[in-house]
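1. predicted model follows, preceded by the sequence.
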Amino acid sequence: MADDPVISSPKTSNIKTSDIMTSNIEPLAREMAERICRRSGMAEAAIPRWVDLHWPCAAAMLEAGVMDEGGEWVEHRDVRLGMEAYRDRLSRAK
């Protein structure tokens, strides 16, 4: 992440923009994952765990433009772009 610009203010001098983007997309990705679960008929009790495990994938798919905010596939988009974004997201987390 050496290329990430850093926000400069007294309180956020060491926060990278990629960190902010990640924190901002998490709630949206969690909502997407919940919608996917409910749409598929998953038991309510199972949804929180599934969301905890899969929200990073939903975030990557959204960032890659292969899923919309409702958790629906975007027509004529290559899902492989989303999988690549997910792999990148996982490698950044290490």
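-> All right, it came through fine. Numbering: from 1, shown residues only.
2. how about the contacts made by the residue positioned nearest the centre of the chain?
-> Computing the C-alpha centroid of the chain and ranking residues by Cα atoms, centre = their mean puts residue 59 first, at 1.3 Å. The contact partners of residue 59, taken as Cβ atoms under 8 Å, 6 or more residues apart in numbering, are 22, 25-26, 28-29, 89. In this view, the C-beta of every residue, glycine as well, is placed from N, C-alpha and C.
3. now, the most widely separated pair of those?
-> Comparing all pairs in those by Cβ to Cβ, the longest separation belongs to 28 and 89, at 14.3 Å.
4. look at the two and report which has more neighbours.
-> The residue with more neighbours, out of residue 28 and residue 89, is residue 89; 17 against 14, by other Cβ atoms under 10 Å.
5. picking that back up, inside helices: which ones of the contacts of residue 59?
-> 22, 25-26, 28-29, 89 (DSSP state H).
6. one step back: give me the element the residue nearest to the centre of the chain is part of.
-> Applying DSSP states H and E as the criterion places residue 59 in helix 47-64.
7. could I get the CA-only coordinates of that helix as PDB?
-> What follows is helix 47-64, C-alpha atoms only, in PDB (Å, rounded to 0.1, in the frame of the first residue of the first chain):
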ATOM      1  CA  ILE A  47     -27.500 -15.100   8.800                       C
ATOM      2  CA  PRO A  48     -25.200 -13.300  11.200                       C
ATOM      3  CA  ARG A  49     -22.400 -15.900  11.000                       C
ATOM      4  CA  TRP A  50     -22.700 -16.100   7.200                       C
ATOM      5  CA  VAL A  51     -22.500 -12.300   7.000                       C
ATOM      6  CA  ASP A  52     -19.400 -12.300   9.200                       C
ATOM      7  CA  LEU A  53     -17.700 -14.800   7.000                       C
ATOM      8  CA  HIS A  54     -18.800 -13.400   3.600                       C
ATOM      9  CA  TRP A  55     -19.000  -9.600   3.800                       C
ATOM     10  CA  PRO A  56     -15.400  -9.200   2.400                       C
ATOM     11  CA  CYS A  57     -16.400 -11.100  -0.700                       C
ATOM     12  CA  ALA A  58     -19.500  -8.900  -1.100                       C
ATOM     13  CA  ALA A  59     -17.300  -5.900  -0.700                       C
ATOM     14  CA  ALA A  60     -14.900  -7.100  -3.400                       C
ATOM     15  CA  MET A  61     -17.700  -7.900  -5.800                       C
ATOM     16  CA  LEU A  62     -19.100  -4.400  -5.200                       C
ATOM     17  CA  GLU A  63     -15.700  -2.700  -5.700                       C
ATOM     18  CA  ALA A  64     -15.100  -4.700  -8.900                       C
END
